[in-house]
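> Sequence first, predicted model second:
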Amino acid sequence: LDSNDEPTYVAYLFKGTKIVNAQSVEITSEGVLQFNIQHRFGPLNSGLYNLYGLDNAQVRLSLDYGIKDWWSVSFGRSSSLKIIDVNSKIRLKRQIKNGFPLAIVFNSAYYINQWTYINSDLTINEFIFANQLLYANQILFATKINRNLTLQFSPTIVHYNLVEILDESNDKYSLGYGGRFKLTKRTSINAEYFMQFNDKRNPNVLSFGFDIETGGHVFQLHMSNSSAMIDPNFITKTKGEWLQGDVYFGFNISRVFTLYD
């Protein structure tokens, strides 16, 4: 018999390309286009008059495309923040059964604030294109411990070309912790937390999710103390406190389309 020396890769560490708000190590497959709808409502403590946040909503739409099996790109737009984002994920290493224990992915994102001079609170000298740019870079380490449990660690650097306070650092360092626990073949619970290391001016973000896979769709229900859906804002600019009821309900829906086999 011919011997087969090909390694057995560990697959499906997460249901989707997002854990809750943050990126997972999953990458859109080559030749596949994924359409994402992310929706967040207002805080639960806004009361019955606002139907506990359901009257207030924002959305982020994005398209992810797998250029290679190890490389995907995406383009997105957030409604309330008026931010355009471009993202690239590169798989550096896959977890191997009875071999290399980690999946490693490099994630890099670029953001453009769509300011107008009137609503920017900037002087004419500050209102330049470079000041509208911000960046986030991450190395994602994940391991599927068993059939049900996956853990991920995400060292992150967020860079703002323009900061709000004179002595504030342009670079923000944080470490994300995330995980998934499979309940059934098509459902799982997720959690993620980002710890800020420098220039911490706002609370850390803590989020929980419930994933449902329905074939070509992945439907994710979320609770978080941040309503933002892009890395710089939910990592460094979260205002909500869980114990004060500043909890935002939301959901993600993703649908994949195979453009070619």
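Structure received. Residues are numbered from 1 along each chain as shown.

> Now do the SS call for Phe234.
helix (DSSP: H, G, I helix; E, B strand; the rest coil).

> Distance of it relative to Leu81?
Distance of Phe234 to Leu81, computed by CB to CB, to the nearest Å: 11 Å. C-beta: built from backbone N, CA, C; applies to glycine.

> again, but for Leu33
Going from Leu33 to Leu81 by CB to CB gives 24 Å.

> still on that earlier bit, between Phe234 and Leu81, which contacts overlap?
Residues touching both Phe234 and Leu81 by CB atoms under 8 Å, 6 or more residues apart in numbering: Ala228.

> higher neighbour count, Leu33 and Leu81?
Shown here are Leu33 and Leu81; by other CB atoms under 10 Å, Leu81 has more neighbours (20 against 14).

> Leaving out the residues flanking it, which one is nearest to that one?
Asn233 (6.6 Å; CB to CB, 6 or more residues apart in numbering).

> Equivalent analysis for Ile27, please.
Distances taken as CB to CB, 6+ apart place Ser72 nearest to Ile27, at 4.7 Å, with adjacent residues excluded.

> wait, isn't Trp115 in contact with Ile83?
No - the criterion here is CB atoms under 8 Å, and Trp115 misses it with Ile83 at 9.8 Å.

> So for those two, which residue has more residues nearby?
Legend: neighbour count by other CB under 10 Å for Trp115 and Ile83, higher for Ile83 (22 against 16).

> Okay, buried residues for stretch 214-226 please.
218-226 (16 or more other CB atoms under 10 Å).

> Which of these fall within strands?
Secondary structure from DSSP state E places 218-224 of these in strands.

> Now Gly53: phi and psi?
phi 100, psi -10 (degrees, to the nearest 10).

> Next, the contact list for it, please.
With the criterion set at CB under 8 Å, 6+ apart, Gly53 makes contact with 41-44, 46, 248-249.

> And it, how far from Ala228?
For Gly53 relative to Ala228 (CB to CB), the value is 15 Å.

> same deal with Gly240?
Taking CB to CB, one finds Gly240 at 10 Å from Ala228.

> higher neighbour count, those two?
Using other CB under 10 Å as the criterion, Gly240 and Ala228 rank with Ala228 on top: 24 against 20.

> Could you report the separation of the nearest residue to that one once chain neighbours are set aside from Ile67?
Take Ala228 and drop its neighbours on the chain: the residue closest to it by CB to CB, 6+ apart is Phe234, 4.1 Å away. Going from Phe234 to Ile67 by CB to CB gives 27 Å.

> which intervals of the stretch 1-150 of the chain have sub-threshold pLDDT?
Residue ranges of the stretch 1-150 of the chain with pLDDT under 70: 1-4, 116-126.

> Show me where it has its strands.
Here the stretch 1-150 of the chain has its strands, by DSSP state E, counting those that start in this stretch, at 32-43, 57-68, 71-78, 83-93, 103-113, 133-144, 149-160.

> Report the beta-bridge partners for the nearest residue to Phe153 once chain neighbours are set aside.
In space, and not counting its chain neighbours, Phe153 is closest to Phe141: 4.8 Å by CB to CB, 6+ apart. Beta bridges link Phe141 to Ile104, Phe153, judged by DSSP bridges.

> Same check on Ser108?
Ser88, Asn137.

> wait, doesn't it sit right on Asp85?
No - counting by CB under 8 Å, Ser108 sits too far from Asp85 to count as a contact (11.0 Å).

> the more surrounded of the two?
In this view Ser108 and Asp85 are compared by other CB under 10 Å, and Asp85 has more residues nearby, 22 against 13.

> Hmm, that one is touching Gln114, no?
No - in this structure Asp85 lies outside contact range of Gln114 using CB under 8 Å: 11.1 Å.

> Tally up the residues packed near Val205, please.
By other CB under 10 Å, 26 other residues sit near Val205.
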